Each structure stands twice: as structure tokens, then as C-alpha cells.
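> heads up, no residue letters with this:
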Ligand SMILES: Nc1ncnc2c1ncn2[C@@H]1O[C@H](COP(=O)(O)OP(=O)(O)OP(=O)(O)O)[C@@H](O)[C@H]1O
């Protein structure tokens, strides 16, 4: 049936393309679609697979595509970025490029707080190698960070790392597949935000690459650049202690001893005015900040910052009102403007405070509140309990708040995001 439909759709008369050929053509098209999600017909036991030779040709052509960068554009991008690299960035650039070109297979860690130009450096290295038709796979631990890298993907998706990697886990990459071939031909892997990923994920990739490359060198002898800032988020271990998070970080891995660590210190983002604030933030991260506890609040702060009126909100009778007034001025007239909303945000460490701030903001917005409730009856299970409603009263269930599950009550007003 599929063949007939295709014949009609593509208007292939049977004397031109035989059924067998059309079947191969169809299978190849399906394979191409599957490859976009790193899957293959071979993963489905009840599906036929295309002819081996054809498959090889398809994979080769896709690999060629991976190398089909716009060389003049990559080169021009590279040259303009390269020209402004600072001394620290240049040192890392030289070391990485040397390792790739001389196939030294070194492992690097670029340690830099936000704004020290890590992304800028990655982009320079990527455009250099792509202008030479070399394959670079840029990945990041989170999707958001992956978006900042040209052609970036999350590490878990790119390398098919199982979600609950243990200390003997391998990536789900089979030899002979397109992904395996792509990785074998890759000359550099860049992995941003490395500190927030469990070391088991790096170790799974390490084992998989050693296997694919038949080499006992770290990551199978490929040059790998890890980057990030250990002051930021460490791996999250459900129900785990601080110690568990620390033990899960990449610098507790057996790989760390082969790592060449480079540090970027110069902040490239700030105007001189904000430098002091940036330095203080770093000091807090390093645990060496000057500590001044004020009567108004119990946060770590420093004398200079207390003096800087632009950085401190003094009204603490109603802190939420104070921060909302500062951040969302003219809310009543502007809350429907997309740009106004996308330009501001209030960050809080806990969801409880998010709910409080949202409620406060919603109250400020004109109009009537409409409340929407979640379903609140208990699904009766197989157990022989007499009164399941008695054990889990709806009032109790409705009070629960989890991340990933909407609260019981959703309050909305027209125009409120
Ligand atoms: N050598 C440089 N010359 C000119 N501008 C630079 C240079 N390095 C970085 N920048 C600029 O400084 C800003 C911060 O750099 P970048 O985003 O690369 O930092 P980052 O370390 O990746 O920060 P984050 O960790 O917050 O993502 C960017 O606007 C970038 O274009």
C-alpha cells in the first residue's frame, strides 16, 4: 500500500522505478528521518533495513553534510573573533588547537566565572576548525547553555547518555551507526557547564569513546574541552547531602588527573562601574567576602555595596512591594507589552517566594481573578483499603506543591502571563 501511495505521490511510473528500488528509496527516506533523532531502522526489530551499500552511501553523504560548512564565512567569523581574544583566552586557544592539529588528545578544563568570555572562546575555536572542515561537537549540560553554542546540543542528547548513569554505564551508541561514525570522525568535543553534570556522565562518554576508538587514552584520544564555573550549580543528587554533590562533580572523577586546567579571570562583560560588584560576587563564591550583617537584612554584603544606592533596596517593611516597585514600574499600564515583560525578572532561590511574588503581581494587575482548579478526587487503587479518601483527604492533596506539577489552584487575569 505504501509503495502504491508513493508511486502516486511522486508520480513514479513502474517502468522507471521498480518496486524493489522504490522500497529501498522509501526505507532510506525513513532512515534519514530517524537519523535526525539519532535513531535507525535497525533499532526496530520488525522493520526491514535498507541495503547495506545504500546505507553506507547515505551515512557518508550525511557525514559530508556535517563537514559542509560555509568555509569563507567560518574563516571570516574566526578572524574577527580571533583578533580580539585576550591573553588568557589566547593561551587556551593555542593549546586546544595544537592538541587537535597534532592529535595529542588532551583533556582541558576552562574554569571561568560568568562573563569571562568562555562562549566567545569556544566560538573562536569552533569557527577555526570548521573553516578547516573539521568536525567539532559542541554540547552543554543544559539546553539553554547549548543554545549559545553554534550547532550546540545537550550532552545527553548528542551522546545518548542514559539519564541515570552509574559508574559502569555506557552511552547508547552502537558501533556501525551514523552517530558512532560521526563521533569517530569528530576532532574536538566542547562541553560547556561541565560542573553541573554528574561525573558518571563524563565517565560513560569516556568508556564509550575508548571502545569506539579502540584506545585506552582518555576519551579515546580525542581532544575534549570542558568548561564552567564550580561556584555555580553542582550536580543535583535527589535527597543528597552537600557532600554527595561534591563527590559527584567532575573534579572528583578519575578523569580529572589528566585534565589541563586553565583559568579565565578577566571579566569581558562589565563596564568599569560594575567591576566592584562583580569582584564582591566572586569573593562570596570563594568564601572570602568581607561580611557585614546589617540590622535590616541578614545577607552577606560589603561596605561598598551598602554605600551603593543603585544596588540596594532600602525599603524592607514590605520587601516584595519594594522589589516589585523597582523592577516593574508602571506595571498597570505596561503589563500587556511583551517587551516590557521579557526585559525584567525577579530571581528567588525557592519556589515559595516565586508564588508569593506572582500573587503580589497578580493583585496589582487590573481585572477580575479567575481561579482554575486541578482535578481533586482520588483514583481508587487495587489495595483493600476501606476509605482511600479518608487516608488522603483532598484538602491535604490540594495543599501539596511539587516542581513539575502545577499547584492545585491556578489564578489568572486577562492579560496576565
Ligand atoms: N576577547 C573578547 N573581545 C571582545 N569581547 C569579548 C571577548 N571575550 C568576551 N567578550 C564579550 O564579553 C561578553 C561575555 O562573554 P561570554 O558570553 O563569552 O562569557 P561567558 O564566560 O561564556 O559567560 P557565561 O558563563 O555567563 O555564559 C560577551 O558579550 C562577549 O561577546
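It's in. None of the values given here were measured: they were computed from a predicted structure.
> what about residue 145, is that helix, strand or coil?
Under DSSP: H, G, I helix; E, B strand; the rest coil, residue 145 falls in the helix class.
> so how many other residues sit close to it?
Using other CB atoms under 10 Å, the number of residues around residue 145 comes to 20. Quick note: C-beta positions are derived from backbone N, CA and C, even for glycine.
> pLDDT below threshold where in the stretch 1-150 of the chain?
1-17 (pLDDT under 70).
> where do the helices sit along it?
Per DSSP state H, counting those that start in this stretch, the stretch 1-150 of the chain carries helices over the ranges 2-10, 19-35, 52-67, 71-84, 87-101, 118-131, 143-147.
> winner for burial among the ones you listed?
Of all these, helix 118-131 has the most neighbours on average by mean count of other CB atoms under 10 Å, namely a mean of 23.
> Next, the angle helix 71-84 makes with that one.
140 degrees (axes from the mean of the first three to the mean of the last three CA atoms, to 10 degrees).
> which residues are in contact with helix 118-131?
69, 71, 74-75, 77-78, 81-82, 85, 89, 92-93, 96-97, 100, 110, 112, 135-136, 138, 148-151, 187-188, 190, 192, 225, 227-228, 264, 268 (CB atoms under 8 Å, 6 or more residues apart in numbering).
> I'd like to know which of the helices of the stretch 1-150 of the chain lies nearest to residue 281.
Closest approach to residue 281 among those is made by helix 118-131 (16.6 Å; CB to CB).
> Surely residue 198 touches residue 166?
No. Using CB atoms under 8 Å as the test, residue 198 is too far from residue 166 to be in contact (9.7 Å).
> which bits of the protein sit near the ligand?
84-86, 89, 112, 114-120, 268-269 (CB under 6 Å from any ligand atom).
> let's go with 8 Å and repeat that
Contact residues (CB under 8 Å from any ligand atom) of the chain with the ligand: 81, 84-86, 89, 112-123, 145, 148, 192, 227-229, 264, 267-269.
> Would you mind listing the buried residues in stretch 105-120?
Residues of stretch 105-120 classed as buried by neighbour count (16 or more other CB atoms under 10 Å): 105-113, 115-120.
> Check the residues you listed and tell me the two furthest apart.
105 and 115 (30.2 Å).
> For the closest residue in space to residue 157 that isn't next to it in sequence, give me its contacts.
Nearest residue to residue 157, sequence neighbours excluded (CB to CB, 6 or more residues apart in numbering): residue 38, at 7.6 Å. By CB under 8 Å, 6+ apart, the contact list for residue 38 reads 157, 160, 178-179.
> tell me the centre residue of the chain?
For the chain, the residue lying nearest the average C-alpha position, counting by CA atoms, centre = their mean, turns out to be residue 142 (1.5 Å).
> Now do the helices in the stretch 251-400 of the chain.
275-286, 303-307, 319-327, 331-334, 338-342, 351-364, 388-391, 394-399.
> Mean pLDDT for those - can I get that in a markdown table?
A markdown table is the format used below for the helices of the stretch 251-400 of the chain (pLDDT from 0 to 100):
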| stretch | mean pLDDT |
| --- | --- |
| helix 275-286 | 76 |
| helix 303-307 | 61 |
| helix 319-327 | 90 |
| helix 331-334 | 91 |
| helix 338-342 | 91 |
| helix 351-364 | 90 |
| helix 388-391 | 63 |
| helix 394-399 | 82 |
